[in-house]
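Peer 1: Build me a structure from this.
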Amino acid sequence: MRRSLGLLLRALLGVIGVAVVALFLPLAFGVVPDRFFDAGCSAGRILGTELACYRFMWNTVTVGVFIGIVGPVIGTFLVHREMALIGETLAHTAFAGVAFGTLLFAASGWSARLLVVALAAAIVGALGVQLLATRTGAYGDVPIAIMLTGSFALGTLFIDIGGGFAFVDINSYLFGNISVTDERSVTLMAVLSLVVVGVVALAYKQLLFITFDERAARVARIPVSAYNGLLIVLTALVVVGAMQILGVILVAAMLVVPVAAASLLATSFRETLYTAIVIGEFAVLSGIWLSWQYSLRPGGTIVIVAIAVYLGAVVRAETPSQSRSH
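Peer 2: Down below sits the predicted model:
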């Protein structure tokens, strides 16, 4: 039974990998011919949905696929390091960047320029968390809580200074919006995803070492502070990309919930990471489809689907122990 689940997991990962390389990366960089969208629309209508007939929905699905990969990839390290709230913190920092960006680009609406400002703010916030932890010795929740509350307070001040969000829908940033993922945003998300996956692949052993035994990593002369900072910066990249669909309030969920579910099903760190990616993709794609079908907010729908999978994993994990007790 265990072997069959492993084979299924590998097969699903293979499908995801092929789809990303053959379809979603070309979509992100705008090299897919128009006839593909016509064929997709026709196929969707045969299946009884108009979802594939709108270019902005292809943008949303593409961003969602990348989120379903990089969120669990980074989240697996964060959850095992008990840093689950760092995603929420950096999301609030990115929101402060958006608020500041409206002062500079008030008439631009949601665009790649605002995302770049949000990205810069999130990276500054990530480095700030690391600096607070290093200089004060206050690891854990203290620097995270300070940065979370401080950045959100700063964002509200920027809103007041700028006279409110006259040209920007604040709900799009707080709760996500499937109509804001334009071509530039999709390309930016693809680039961020390639950077995150590439860096994690190159630094996998070091990140794994500091995740499970930071003291031994220091003895082995691994630059722990540098890799801690790298992990937090990578988290900032994921957060800024994910907030397009999930919004500030829900963005941390894709870093935590798929990993929490996978941890109940997998038996190793690597298997947890792979399982979390599959769960993340299922939650994102199912959530986008349900939000389209029933006119729901995509961020909330995605998170609810992910939590439903987590609850199912909890039930499955408890069932063997209950049967043994009898």
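Peer 1: Report the spatially closest residue to G287, excluding sequence-adjacent ones.
Peer 2: Closest residue to G287 apart from its sequence neighbours, by CB to CB, 6 or more residues apart in numbering: I302 at 3.1 Å. Placement of C-beta: from N, CA and C, glycine included.
Peer 1: Any figure for the gap between S295 and L114?
Peer 2: Using CB to CB, to the nearest Å, one gets 26 Å for the distance from S295 to L114.
Peer 1: OK, contacts around V196?
Peer 2: When contacts are counted by CB atoms under 8 Å, 6 or more residues apart in numbering, V196 is found next to V70, V73, I74, L234, L237, V238.
Peer 1: so where does it fall, helix or strand?
Peer 2: helix 183-202 (DSSP states H and E).
Peer 1: now A39
Peer 2: Assigned by DSSP H and E, A39 falls in helix 34-46.
Peer 1: if we can go back for a sec, between S295 and L114, point out the one with more neighbours.
Peer 2: Taking other CB atoms under 10 Å, S295 and L114 do not tie; L114 has more neighbours (23 against 6).
Peer 1: Identify each buried residue in the helix or strand harbouring that one, please.
Peer 2: Per DSSP H and E: L114 is located in helix 112-136. By neighbour count on 16 or more other CB atoms under 10 Å, the buried set for helix 112-136 is 112, 114-126, 128-130, 132-133.
Peer 1: Stretch 302-314 too?
Peer 2: For stretch 302-314, a neighbour-count test (16+ other CB under 10 Å) marks I302, V303, I304, V305, A306, V309, Y310, A313 as buried.
Peer 1: Keep only those of the residues you listed that are in helices.
Peer 2: The helices, defined by DSSP state H, take in I302, V303, I304, V305, A306, V309, Y310, A313 from these.
Peer 1: Just send the residues you listed back as TSV, with distance to V65 and pLDDT too.
Peer 2: Shown next, in TSV, are these (distance: CB to CB, whole Å; pLDDT from 0 to 100):
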residue	distance to V65	pLDDT
I302	12	93
V303	17	93
I304	19	95
V305	15	96
A306	15	96
V309	17	96
Y310	20	96
A313	22	94
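Peer 1: could you redo those as CSV and give each row distance to F282?
Peer 2: CSV is the format used below for these (distance: CB to CB, whole Å):
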residue, distance to F282
I302, 10
V303, 13
I304, 13
V305, 7
A306, 8
V309, 7
Y310, 12
A313, 12
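Peer 1: T267: which of the residues you listed is nearest?
Peer 2: Ranked by distance to T267 (CB to CB), those are led by A313 at 13.3 Å.
Peer 1: where in the chain is pLDDT low?
Peer 2: For the chain, the stretches with pLDDT under 70 are 1-2, 105-113, 136-141, 162-171, 174, 177-180, 319-326.
Peer 1: one step back: with respect to I159, which of the ones in helices among the buried residues of stretch 302-314 is nearest?
Peer 2: Using CB to CB, these come closest to I159 at V303, 25.0 Å.
Peer 1: tell me the contacts of the residue lying closest to the closest one once chain neighbours are set aside?
Peer 2: Spatially, and ignoring its direct neighbours in sequence, V303 is nearest to A253 (4.3 Å; CB to CB, 6+ apart). Counting by CB under 8 Å, 6+ apart, A253 touches L246, I302, V303, A306, I307.
Peer 1: Distance-wise, check the fourth one relative to V197.
Peer 2: In this structure, A306 and V197 are separated by 20 Å, where distance is defined by CB to CB.
Peer 1: For the helix holding V196, list the C-alpha coordinates in PDB.
Peer 2: Coordinates of each C-alpha in helix 183-202 appear next as PDB, following Å, rounded to 0.1, in the frame of the first residue of the first chain:
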ATOM      1  CA  GLU A 183       0.700  39.500 -18.000                       C
ATOM      2  CA  ARG A 184       3.400  41.400 -16.200                       C
ATOM      3  CA  SER A 185       2.300  40.000 -12.900                       C
ATOM      4  CA  VAL A 186       2.300  36.400 -14.300                       C
ATOM      5  CA  THR A 187       5.800  36.900 -15.700                       C
ATOM      6  CA  LEU A 188       7.100  38.300 -12.400                       C
ATOM      7  CA  MET A 189       5.600  35.300 -10.600                       C
ATOM      8  CA  ALA A 190       7.300  32.900 -13.000                       C
ATOM      9  CA  VAL A 191      10.600  34.600 -12.500                       C
ATOM     10  CA  LEU A 192      10.200  34.500  -8.700                       C
ATOM     11  CA  SER A 193       9.300  30.900  -8.800                       C
ATOM     12  CA  LEU A 194      12.300  29.900 -10.900                       C
ATOM     13  CA  VAL A 195      14.600  31.800  -8.500                       C
ATOM     14  CA  VAL A 196      13.000  30.200  -5.400                       C
ATOM     15  CA  VAL A 197      13.100  26.600  -6.800                       C
ATOM     16  CA  GLY A 198      16.600  27.100  -8.100                       C
ATOM     17  CA  VAL A 199      18.100  28.500  -4.900                       C
ATOM     18  CA  VAL A 200      16.400  25.800  -2.800                       C
ATOM     19  CA  ALA A 201      17.700  23.100  -5.100                       C
ATOM     20  CA  LEU A 202      21.300  24.500  -4.800                       C
END
